[in-house]
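**Q** could you look at this predicted model? Sequence included:
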Amino acid sequence: MMIQHSMNPVAGDALGRATICGLLASNGMQEEQMFQLSMKGDGPLRGVVSIVNGKGQAKGYCGNPSLSDDFTLQEAIGAGTVQVVKNHPDWPRPYNGITGIRHGDIDRDVGIYLAESEQRSCALAAATSFNGILCTSAGGYLVERLPDCTPETMSHMEKNLAKL
């Protein structure tokens, strides 16, 4: 995506993290469904959007893709909102959810959104790696608690996640 947009690493990191979070959070959707994640902050990045469908296809954009490297991701995003829109052609209205940006590192803010707006108990992380303007890797994880999970299993999982 970064080469198609001619973006600098900070904007590329934001778009990569938003896209990974969108893909992870939308896992299990029907093919016709759409999941849109918007980070609307007052920072110089001017927001980042990722749109994912049930087939796992993703696209996205940043408000200021040529943002200089003088900013951290948190400074580039600034204060604002995390907004999620889910839609399906058969639904009368799309589902909309919103929470505030608290950290500015996208994955933690999306995790907070999932906990507060969708009541999904989970651990979410996303990251990218750059060599100059080339994204060399991107990935993440989403771990959700299942209904029959024992407290011992949950404790073991929390200890493992703390080591990452």
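**A** Perfect, thanks for sending it.
**Q** ramachandran angles for T136?
**A** Here is the backbone geometry of T136 (degrees, to the nearest 10): phi -90, psi -20.
**Q** beta partners for the closest residue to it other than its chain neighbours?
**A** The spatial neighbour of T136 that comes closest, neighbours along the chain excluded (CB to CB, 6 or more residues apart in numbering), is S129 at 5.0 Å. C-betas here are computed from N, CA, C, even on glycine. Taking DSSP bridges as the rule, S129 bridges to S137.
**Q** burial count for S129?
**A** When neighbours are counted by other CB atoms under 10 Å, S129 registers 13.
**Q** tell me the contacts of it?
**A** C135, T136, S137, A138 (CB atoms under 8 Å, 6 or more residues apart in numbering).
**Q** by mean pLDDT, flag the weakest helix or strand of the chain.
**A** One helix or strand of the chain scores below all others by mean pLDDT, DSSP states H and E: helix 2-5, with a mean of 56.
**Q** does the residue lying closest to Y61 once chain neighbours are set aside belong to a helix, a strand or coil?
**A** Using CB to CB, 6+ apart and skipping residues adjacent in sequence, the residue nearest Y61 is V49, 5.7 Å away. What DSSP: H, G, I helix; E, B strand; the rest coil gives for V49 is strand.
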